[in-house]
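Return atomic coordinates for the entry below.
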Amino acid sequence: MKVAVSRLGFGAAPIGNLYRETSDADAFGAVEAAWASGVRYFDTAPHYGLGLSERRLGAVLADKPREEFVISTKVGRVLEPSDGVGLDDEGFAVPRTFRRVRDYSADGVKRSLESSLERLGTDHVEIVYIHDPDDFWDSAFGEAYPALESLRSQGVVGAIGVGMNQWEMPERFVRETDIDVVMLAGRYTLLEQPSLPSFLPACVERGVAVVACGVFNSGLLSKPVVAADSKYNYEDAPAALVARARAIAEVCARHGVTLPEVAIQFALGHPAVESVVIGARNASQMTSNAAYFEAVIPAGLWDELKSLGLLGVEVPTP
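Numbers count the residues shown, from 1 in each chain. Reported below is the predicted structural model:
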């Protein structure tokens, strides 16, 4: 990839009040803790808290040397003023002061990016992703991508890509365009690897970097002990997946490591994966994430997971 990112990245959705309110103090503390832990890659989007995530992230990074860190944001949802009545209905605990308009046109890309730069308080970002174009292939491929390609050629952005919760459409982008990076959410994790046979090899072949996020599968792999009410894909996890996660956690415990530690290191084991991005809403969470990232995983753990059928034999491991 044309932009160097830290192996551990900070995901700024939680500081956009994902699911519940987060105070300014907690949000700012999370970003500061990430910086103190050596994180130099920060990912955000207009979608996260109707711009709140970008504003908070920009406020903390304002006093950091701009050349020392990388920011990525996203296009595809343009924020337009709303009546402010009630709360956002797309998962963020913020007033509905804006509404999201799906717009993957060239003009929409430029308007979205200009607004993001203003909220972030910077004159450039290093990476721009086309965000969740699941039902908008034609406009994302035919308009958003050429617009970003033009901005890249002008040096306005350093790298361009697509960020999605699926691997199939990103693979089309990898094979049919000249993107630099894919942010892949949840489809290459310790729990499941549907992107392994086709998508990840295509990225290696084409020299496209992968930023892995959602490596905890929305919470199912986020704690050493797997709770029955854990989330998977933002919904209650099916019993079969809870049982599978618990079986993996038992193997981890036998080798003296924890489920979240192994989940992070697993994703980093594939040669296509440049960085793992993990969200945090306060300093404590970020400090825990950084400690998970530093864990050393015994080689025998991977062998046991494979022998028990909890990990495919073809899966690359660190």
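
Okay, and the beta partners of the spatially most central residue of the chain?
Nearest to the mean C-alpha position of the chain, by C-alpha atoms, centre = their mean, lies Cys213 at 3.7 Å. Counting by DSSP bridges, Cys213 forms beta bridges with Ala185, Val277.

Against Arg96, how distant is it?
According to C-beta to C-beta, to the nearest Å, Cys213 and Arg96 sit 26 Å apart. Where you see a C-beta, it was placed from the backbone N, CA and C, and this is true even at glycine.

Would you mind writing the CA trace of stretch 17-29 as CSV?
C-alpha atoms of stretch 17-29 as CSV (Å, rounded to 0.1, in the frame of the first residue of the first chain):
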residue,chain,number,x,y,z
ASN,A,17,-21.5,7.2,20.6
LEU,A,18,-21.9,3.8,19.1
TYR,A,19,-24.9,2.1,20.9
ARG,A,20,-24.6,4.5,23.9
GLU,A,21,-23.3,7.9,25.0
THR,A,22,-19.6,8.3,25.6
SER,A,23,-18.4,11.5,27.3
ASP,A,24,-15.9,13.8,25.7
ALA,A,25,-13.5,12.9,28.5
ASP,A,26,-13.7,9.2,27.8
ALA,A,27,-13.5,9.6,24.1
PHE,A,28,-10.5,11.9,24.3
GLY,A,29,-8.9,9.6,26.8
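
List the buried residues in that stretch.
Using 16 or more other C-beta atoms under 10 Å as the test for burial, stretch 17-29 gives Asn17, Leu18, Thr22, Asp26, Ala27, Phe28, Gly29.

Same question for stretch 266-279.
Phe266, Ala267, Leu268, His270, Ala272, Val273, Glu274, Ser275, Val276, Val277, Ile278, Gly279.

Could you do stretch 311-318 as well?
For stretch 311-318, using 16+ other C-beta under 10 Å, the buried residues are Leu311, Val315, Thr317.

Quick one: those residues as CSV, columns for secondary structure and pLDDT too.
Shown next, in CSV, are these (DSSP: H, G, I helix; E, B strand; the rest coil; pLDDT from 0 to 100):
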residue, secondary structure, pLDDT
Leu311, coil, 94
Val315, coil, 91
Thr317, coil, 81
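
between the residues you listed, which is nearest His131?
Nearest to His131 out of the buried residues of stretch 311-318 is Val315 (C-beta to C-beta; 28.1 Å).

Surely the closest one is in contact with Pro194?
No - look at Val315 against Pro194 with C-beta atoms under 8 Å: they stay out of range, at 11.9 Å.

where along the stretch 151-300 of the chain do the strands fall?
157-164, 181-185, 209-213, 231-232, 235-236, 273-279 (DSSP state E, counting those that start in this stretch).

who does the second one touch, helix- and strand-wise?
Right, the one you point to is strand 181-185. Counting contacts by 3 or more C-beta pairs under 8 Å, 6 or more residues apart in numbering; DSSP states H and E, strand 181-185 packs against strand 125-131, strand 157-164, helix 168-176, strand 209-213.

Of all the ones you listed, which one comes closest to Ala59?
strand 125-131 (15.6 Å).

Neighbouring strands - and their directions - for the closest one?
When DSSP bridges is applied, strand 125-131 pairs with strand 70-75 (parallel), strand 157-164 (parallel).

quick check: angle from the last one to strand 273-279?
Using axes from the mean of the first three to the mean of the last three C-alpha atoms, to 10 degrees, the inter-axis angle of strand 157-164 relative to strand 273-279 is 70 degrees.
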